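Novice: pasting a predicted model and its sequence here:
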Amino acid sequence: MKAILRAVLVTSFAFTSTTAFALEKVKIGILNGASAFISLVADGKGYLKEAGIEADFIIFDSGAKMIPSIATGGLDIGIGAASSALYNAVGRGMGVKIVADALRNSPGVGQSVMVRADLLESGQVKSLKDLKGKTFAITAFASSEAASLDRAMRSVGYTFDDVEKLYAGFPDHVIAFQNKAIDAALTGEPFATLSADKGVARPLMMVGEYYPNQETSVMMFANSFGDQKRELGIKFLQAYLRATSAYLAARKDGFLTGPGAEEIVSLLAERSSIKNVALLKRMRANGIDPEGNLNLDALESDFAFFKARGQIESAVKVSDAIDLSFIKAAQQRMKP
């Protein structure tokens, strides 16, 4: 009897050990920038592992390039901009849904309107109104930055068409300022801080001052989460909300200098493209909703800009691209 009991216990232990620690691999598309921070914190602090998830991060150079991979099963999750490419993909029946907030221009954090230092020092540019006719850098024509630029110029009586555009990624903004190829730019971190460090540009204002809580990046789920992996999607968002809470607790006055910031900064220096710990502390932190809620009004506003510019190819609506059931389920589980 003792021998039988020992055999049963050993078999039982082996079974529970393998099942308890079996992780399901989830492929996550990220950009090489701040929009990936919360997911990297979730992985670094072990929250994803506790949810039974092994994260496989795959870096893309644009959110639009993630969408075909999400639609065909190459990615489970994508974190990038809610661009016209996303809505067009949904309109063509591709399996992708926006499920949660990933990055937003909250007041005091996020992207900046950067202006060339010599234009500010000479007094040629004192406000947004002085940017009429100037060369303005944004990441792409079909991007949230384009909609943001339109909102900025409309706030002073002009439009997107009243500035000259140069389309370039954030890293290229620093070089463009140095070469005086641009007068202004909508720039994300750390490139806004790097431009200021080099003395080539300074912030005129934060985007959150004229467009509070604009959604600059969203979390997208593949259709597989809506079918056989729904529970896994909810668990991922629970881990994501835990990481969001830790990240926001580490913020103080718009910078990562609050309680627990040392650990957060260390994790980001290890896992993100920004290896300089001092830079991570000096640059503006991210904006994100504490509960992962989307700013639906901002998404509708940006969509209207894309549609007015002829970038939307079908009768798709913003609501067609959104599934809030995952984040609501994760929030409900987080309440206790």
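Specialist: Okay, I see it.
Novice: return the set of buried residues in the host helix or strand of Tyr240.
Specialist: Here Tyr240 sits within helix 230-249, counting by DSSP states H and E. Buried residues in helix 230-249, counted by 16 or more other CB atoms under 10 Å: 232-244, 246-248. C-betas here are computed from N, CA, C, even on glycine.
Novice: so which elements touch that helix?
Specialist: Counting contacts by 3 or more CB pairs under 8 Å, 6 or more residues apart in numbering; DSSP states H and E, helix 230-249 packs against strand 24-31, helix 37-44, helix 47-50, strand 53-60, strand 96-105, strand 214-222, helix 223-226, helix 325-334.
Novice: give me the angle between that helix and strand 24-31.
Specialist: Counting by axes from the mean of the first three to the mean of the last three CA atoms, to 10 degrees, helix 230-249 lies at 50 degrees to strand 24-31.
Novice: give me the contacts around the helix or strand following helix 230-249.
Specialist: Downstream of helix 230-249, the next assigned helix or strand under DSSP H and E is helix 261-271. Identification of contacts with helix 261-271 by CB atoms under 8 Å, 6 or more residues apart in numbering yields 37, 40-41, 43-45, 246-247, 250-252, 256, 274-277, 280-281.
Novice: any idea how far the spatially closest residue to Ile322 that is not a sequence neighbour lies from Gly33?
Specialist: Closest residue in space to Ile322, ignoring its immediate chain neighbours: Ile98 at 4.9 Å, by CB to CB, 6 or more residues apart in numbering. As judged by CB to CB, to the nearest Å, Ile98 and Gly33 stand 19 Å apart.
Novice: more neighbours, those two?
Specialist: Ile98 (25 against 21; other CB atoms under 10 Å).
Novice: hang on, isn't the more buried one packed against Leu294?
Specialist: Yes: between Ile98 and Leu294 there is a contact at 6.8 Å, judged by CB atoms under 8 Å.
Novice: and for these two, which residues touch both?
Specialist: With CB under 8 Å, 6+ apart as the test, Ile98 and Leu294 both reach Val218, Ile322.
Novice: any stretches of the stretch 201-336 of the chain with poor pLDDT?
Specialist: Along the stretch 201-336 of the chain, the parts satisfying pLDDT under 70 run over 227, 336.
Novice: hmm, who's touching the helix holding Tyr240?
Specialist: Residues from elsewhere that reach helix 230-249 (CB under 8 Å, 6+ apart): 24, 26, 37-39, 41-42, 45, 47-48, 50-53, 77, 99-100, 219, 221, 225-226, 258-260, 264, 285-286, 288-292, 326-327, 329-331, 333-334.
Novice: dump the residue contacts of Ile274.
Specialist: By CB under 8 Å, 6+ apart, the residues touching Ile274 are Pro190, Leu268, Leu280.
Novice: quick one, phi psi at it?
Specialist: Backbone torsions of Ile274, given as degrees, to the nearest 10, read phi -100, psi 110.
Novice: against Leu194, how distant is it?
Specialist: For Ile274, the distance to Leu194 - CB to CB - is 10 Å.
Novice: same question, Gly46
Specialist: Applying CB to CB, the value for Gly46 to Leu194 is 31 Å.
Novice: with Met94 instead?
Specialist: Here the distance between Met94 and Leu194 works out to 36 Å (CB to CB).
Novice: thinking again about what came up before, nearest to Ser69, of the contacts of Ile274?
Specialist: Ser69 has its nearest neighbour among the contacts of Ile274 in Leu268, at 24.6 Å by CB to CB.
Novice: can you get me a residue count around the closest one?
Specialist: Neighbour count for Leu268, taken as other CB under 10 Å: 22.
Novice: check the one 5 residues further on too.
Specialist: Taking other CB under 10 Å as the neighbour definition, Ser273 ends up with a count of 14.
Novice: how is it assigned, secondary-structure-wise?
Specialist: With DSSP: H, G, I helix; E, B strand; the rest coil as the basis, Ser273 sits in coil.
Novice: list the contacts of Ala140.
Specialist: By CB under 8 Å, 6+ apart, the contact list for Ala140 reads Ser62, Ser83, Ala146, Tyr167.
Novice: cutoff 10 Å now
Specialist: When contacts are counted by CB atoms under 10 Å, 6 or more residues apart in numbering, Ala140 is found next to Ser62, Gly63, Ala64, Ala81, Ser83, Ser84, Ala85, Ala146, Lys165, Tyr167, Ala168, Gly169.
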